[in-house]
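> return atomic coordinates for the entry below.
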Amino acid sequence: MLRPTVKADPAIFGNGTVMDTEHRTIAELLALKNAPDAAFLDHVRAIGVTAARSILYDEAKRLRYTDQHAKMDCIALMNRINELFRIRPA
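Numbers count the residues shown, from 1 in each chain. As a prediction, this is how the structure comes out:
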């Protein structure tokens, strides 16, 4: 008889995998800070607008006392996302 396959939840084993994913996402977003809007928007949509904002906010908050330059980059990217996804009247 076959046993059902159970996939391990990364959160069960600590934040290692989750944190690696967040740091990779942050690095990818920061790498696109000077990219054209279309490329940046495609990447943000792939991550999810709310998730991208949340990850950048959390990183800016974490960096507030240690790396002011990276913190400001995160805030600038959050502002760029807000501007690009703002609902504009027709």
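
> can you give me the helices for the protein?
Assigned by DSSP state H, the helices in the chain fall at 16-31, 37-47, 49-63, 68-84.

> which residues does the shortest one contact?
What that stands for is helix 37-47. With contact meaning CB atoms under 8 Å, 6 or more residues apart in numbering, helix 37-47 is reached by T25, E28, L29, L32, A52, I55, R80, I81, L84, F85. C-beta coordinates here come from the backbone N, C-alpha and C atoms, glycine included.

> swap in the third one?
Applying CB under 8 Å, 6+ apart, the contact partners of helix 49-63 are 22, 25-26, 29, 44, 47, 70-71, 74-75, 77-78, 81-82, 85.

> over to the longest one?
Outside helix 68-84, the residues within contact range by CB under 8 Å, 6+ apart are 26, 29-30, 33, 37, 40-41, 44, 49, 52-53, 56-57, 59-60, 63-64.

> can you do 7 Å?
29-30, 33, 37, 41, 44, 49, 52-53, 56-57, 59-60, 63-64 (CB atoms under 7 Å, 6 or more residues apart in numbering).

> what about burial for those, which qualify?
Those of the contacts of helix 68-84 that meet the buried threshold are L29, L30, L41, V44, A52, R53, L56, E59, A60, L63, by 16 or more other CB atoms under 10 Å.

> can you find the helix or strand of the chain with the lowest average pLDDT?
helix 16-31 (a mean of 79; mean pLDDT, DSSP states H and E).
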